[in-house]
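Participant: Predicted model follows, preceded by the sequence.
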Amino acid sequence: MQDSADRAFASASSSRRGTDEMRAVRKPAPHVLDLVSYDPKYIPAEVMVSANENPRDVPDGLRAMVMRAVRQVPLNRYPDPLANGLRDLIAQANGLDRDQVLIGNGGDELLLDTALAWGGPGRVFLNVPPTFSVYEGNALLTNTAVVEVPRRADFQVDEDALVARLSRGDVDFTILTSPNNPTGDTVSESFVRRVLEASDALVVVDEAYFEFSRKTVRPLLESYENLVILRTFSKAFSLAGVRVGYLLGNVRVLSEYKKVRQPYSVDAISQAIASAVYENRSEFVFGIEQIVAERERVYRQLKRMDGVEAFPSESNFILLRMADASAVWSGLLSCGVLVRDFSRTRYLENCLRVSIGTPQENDRFLEVLGDIVASGKSDGKR
Ligand code: PMP
């Protein structure tokens, strides 16, 4: 891998030199050369059910309020580096102090900050695959060693194995995702407690989708300094395009995060939008409830399809497994339905993930998938 990446870089550099006399640049850091950049595989389609977004945009009345707030933002001034107004709103809602909340440029930034602060050369990240791929990417980017406790065949966390691995004491941080992306399952509070007690590693519980499972380990923050909780505005609150996430954690832990974060990562416009949305978050309750109801309806229909294995989900997406999944993915796309293709991902062979859309979008997905599966059965191929 290293050799082939080296050669690719060398040949790209020399052919450039040969054609337009541009001076070649030296190689990037060795651990970067082999990395593959994140590709959300976003292709425009009629039914976009691939990225776990909220199918409904911010409601019109609230959108008008958001626009008024944006109009008042001074554009010539740097934003409040810590987004204190938004921190206060979130702290208050969670019964915490401002210093126990940290805002980031999406959950993604806070995940990178986790690897910057708790990872690095000589440090160890414990991953629980299959899970959100960004975790491992951040470890590689920061030269952090990755050890794994893979999920069981039914995609549940192997609880005893995870606790046993942590008990060895060499792990610096781990991430438990609840609900997990892309498998949809949650972890119990009693298990998280066991994990927190197994070592002094930092344990991030990624609750990006917790509004759909209605489960949180927030009460454990009082007793465990080694716990941080990650949340986002991208899913339940329809703000994937705005990029705001946040951490709940202990003051000492968050002060370490402050050392590695980009000082102005959360721009003033995003702060204004997220604050207006958070203050009016009751407006999203109906949409969340409808997603949960639709998830159950879609799951029931999928269970009835021969040849399709659907995994139970407490989130706003469902993981599916079937023969020839990548051909099914193409068949869905050719009918205007974009789902996420994991068919060639380690531990997720032959899996696709569908996000819950509007009832009409879900119907369209079910109809097209049903046709593909039925035709596959009748002629023996897809
Ligand atoms: N955690 C999980 C499990 C996710 O699936 C995502 C988004 N795909 C994130 C964190 C980050 O979301 P964002 O950066 O949009 O806040």
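Facilitator: Ah, there it is. These figures come from a predicted structure and were not determined experimentally.
Participant: can we go C-alpha only for contacts and neighbour counts from here?
Facilitator: Fine.
Participant: Arg218 against Leu230, yeah?
Facilitator: No. The pair Arg218 and Leu230 does not pass the contact test of C-alpha atoms under 8 Å, sitting 10.3 Å apart.
Participant: between these two, who's got more neighbours?
Facilitator: Between Arg218 and Leu230, counted using other C-alpha atoms under 10 Å, the more crowded position is Leu230 (27 against 17).
Participant: who's in contact with that one?
Facilitator: Gly107, Leu110, Val204, Val205, Asp206, Glu207, Ala208, Gly245, Tyr246, Leu247, Leu248 (C-alpha atoms under 8 Å, 6 or more residues apart in numbering).
Participant: Go back to those residues and keep what's next to the ligand.
Facilitator: Judged by C-alpha under 6 Å from any ligand atom, the overlap between the contacts of Leu230 and the neighbourhood of the ligand comprises Gly107, Asp206, Ala208, Gly245.
Participant: quick one: which helix or strand includes Val204?
Facilitator: Using DSSP states H and E, the element containing Val204 is strand 202-206.
Participant: In PDB, list the C-alpha atoms belonging to whichever helix or strand comes after that strand.
Facilitator: Note on strand 202-206: by DSSP H and E, the next helix or strand toward the C-terminus is helix 210-213. Once non-C-alpha atoms are left out, helix 210-213 reads as follows in PDB (Å, rounded to 0.1, in the frame of the first residue of the first chain):
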ATOM      1  CA  PHE A 210     -30.600  10.300  20.200                       C
ATOM      2  CA  GLU A 211     -33.800  12.300  19.400                       C
ATOM      3  CA  PHE A 212     -35.000   9.300  17.500                       C
ATOM      4  CA  SER A 213     -34.200   6.700  20.200                       C
END
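Participant: How many neighbouring residues does Val128 have?
Facilitator: Applying other C-alpha under 10 Å, we find 24 other residues in the vicinity of Val128.
Participant: can you offset everything so residue one is 33?
Facilitator: From this message on, residue numbering opens at 33, which makes the last subject Val160.
Participant: What separation do you get for it and the ligand?
Facilitator: 12 Å (C-alpha to the nearest ligand atom, to the nearest Å).
Participant: Quick check: that residue touching Arg183?
Facilitator: Yes. With contact defined as C-alpha under 8 Å, Val160 counts as touching Arg183 (6.3 Å).
Participant: care to break the chain down by domain?
Facilitator: According to the domain assignment given by automatic domain parsing, the chain is divided into the following structural domains: 79-86+316-407, 92-311.
Participant: Quick one: mean pLDDT for the first one?
Facilitator: It stands for domain 79-86+316-407. Per-residue pLDDT values over domain 79-86+316-407 give a mean of 97.
Participant: and it, does that touch the ligand?
Facilitator: No. Residues of domain 79-86+316-407 contacting the ligand under C-alpha under 6 Å from any ligand atom: none, with a closest distance of 6.8 Å.
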